[in-house]
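**Student:** I'll drop the sequence and a predicted model, then ask my questions.
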Protein chains: 2
Amino acid sequence: MAFPKLSKLELQIMEVLWNNGPTAIRDIQESFGPKGRPAYTTVQTMVYRLETKKALRRARKIGNAHIFEAVISRDAAKARLVDEFLSMFGGRMQPVMAQLIEAGNLSSADVADAEKLLRDLAAKKKKEA
Amino acid sequence: MAFPKLSKLELQIMEVLWNNGPTAIRDIQESFGPKGRPAYTTVQTMVYRLETKKALRRARKIGNAHIFEAVISRDAAKARLVDEFLSMFGGRMQPVMAQLIEAGNLSSADVADAEKLLRDLAAKKKKEA
DNA sequence: GCTACGCTCTTACCGTTGTAGTAGGACGCG
DNA sequence: CGCGTCCTACTACAACGGTAAGAGCGTAGC
């Protein structure tokens, strides 16, 4: 399949690769901040699983350490997440928007941004039609 | 904890209770539509698990069949879902909105609804400040 | 009253996720 | 060259979610 499902921790690992570019396991693990981070081998296991899922690959070696890089794009992953989420709401968009807008702690700036996006989208839809 | 995490299938079951009020397992199962629905005992297992999670309870019996009713409200469950989802995006609201608006297949009506919600929210925020 | 059908309860199994230990190879420093 | 450190690769395991089979009991209808 083109697109594997990623769990929360897997996503956090991908996030590091998306932000930092190719990274060694040790650096991924340390990027979790000193407290409450998972053990080195935990991160390692997740990275290996991401590898079999083809979400990342071994780019090269430095010394005996592998350097991993993302294969899947951040946008693709997030689109997948959105789909997943939508399906929880029966696939209907409107209640999701409503819930997000009401329950999420939106700042005024967030609201303004969202409005702009919606206006742009509305305009685009009009043109298409 | 006050609020258990519900999986997809668990949510679908709760959905039936929220829509229909107190319901027997057989009716929950049948509400999944004749094709591709899970076996009776599968639904039953999920219902039992929801019971131990205190998401629903046995309301009464009809003959020897239990009738179950929701304990958790739909809004509470969906709020929980939204939180869960947000945490996947690092808790920041804006990118989530952006992703949803761009990637979700919004109808024109959805867009209009969302805009209205946002306008109301903006107005409310102004008044608060 | 007996029988059959439906419901309950119990038990089980597999895949995924998160967690980590351990054994052994490689590398670099003194 | 030898020792410690670091990384790899493998293995393990528990919780959870989805799936369901099997045994047994109650009720309703004949």
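**Tutor:** That came through, no problem.
**Student:** can we go C-alpha only for contacts and neighbour counts from here?
**Tutor:** OK.
**Student:** now check the host helix or strand of A:Ala59, is it near DNA strand D?
**Tutor:** Element membership of A:Ala59, judged by DSSP states H and E, is strand A:56-62. No - Strand A:56-62 stays clear of DNA strand D (Cα under 7 Å from any atom of the strand), getting no nearer than 7.7 Å.
**Student:** Give the pairing partners of that strand; include direction for each.
**Tutor:** Partner strands and pairing direction for strand A:56-62 (DSSP bridges) are strand A:65-70 (antiparallel).
**Student:** who does the longest helix along chain A touch, helix- and strand-wise?
**Tutor:** Using DSSP state H, we find that the single longest helix of chain A is helix A:108-128. Helix A:108-128 is packed against helix B:93-103, helix B:108-128, with contacts defined by 3 or more Cα pairs under 8 Å, 6 or more residues apart in numbering or on different chains; DSSP states H and E.
**Student:** between those, which one is nearest to DNA strand C?
**Tutor:** Closest approach to DNA strand C among the helices and strands packed on helix A:108-128 (Cα to the nearest atom of the strand): helix B:93-103, 19.1 Å.
**Student:** Can you mark which positions in the closest one are buried?
**Tutor:** B:Met93, B:Gln94, B:Pro95, B:Val96, B:Met97, B:Ala98, B:Leu100, B:Ile101, B:Ala103 (16 or more other Cα atoms under 10 Å in any protein chain shown).
**Student:** quick check: angle from that helix to helix A:93-103?
**Tutor:** Inter-element angle recorded for helix B:93-103 and helix A:93-103: 170 degrees (by axes from the mean of the first three to the mean of the last three Cα atoms, to 10 degrees).
**Student:** what's helix B:93-103 packed up against?
**Tutor:** Using 3+ Cα pairs under 8 Å, 6+ apart: helix B:93-103 touches helix A:74-88, helix A:108-128.
**Student:** Make TSV from the ones you listed and add mean neighbour count to it.
**Tutor:** Output for the helices and strands packed on helix B:93-103, formatted as TSV (neighbours: other Cα atoms under 10 Å in any protein chain shown):
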stretch	mean neighbour count
helix A:74-88	17
helix A:108-128	15
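**Student:** okay if I get those helices as JSON lines plus mean pLDDT and distance to DNA strand C?
**Tutor:** Below are the helices and strands packed on helix B:93-103 laid out as JSON lines (pLDDT from 0 to 100; distance: least, Cα to the nearest atom of the strand, whole Å):
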{"stretch": "helix A:74-88", "mean pLDDT": "88", "distance to DNA strand C": "12"}
{"stretch": "helix A:108-128", "mean pLDDT": "73", "distance to DNA strand C": "28"}
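**Student:** Kindly reformat those as CSV containing distance to DNA strand D.
**Tutor:** Below are the helices and strands packed on helix B:93-103 laid out as CSV (distance: least, Cα to the nearest atom of the strand, whole Å):
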stretch, distance to DNA strand D
helix A:74-88, 10
helix A:108-128, 31
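**Student:** what's the helix or strand for A:Lys54?
**Tutor:** Assigned by DSSP H and E, A:Lys54 falls within no helix or strand.
**Student:** List the contacts of the strand holding A:Ala59.
**Tutor:** For strand A:56-62, the external contacting residues (Cα atoms under 8 Å, 6 or more residues apart in numbering or on different chains) are A:Pro22, A:Val47, A:Leu50, A:Glu51, A:His66, A:Ile67, A:Phe68, A:Glu69, A:Ala70, A:Val71, A:Ile72.
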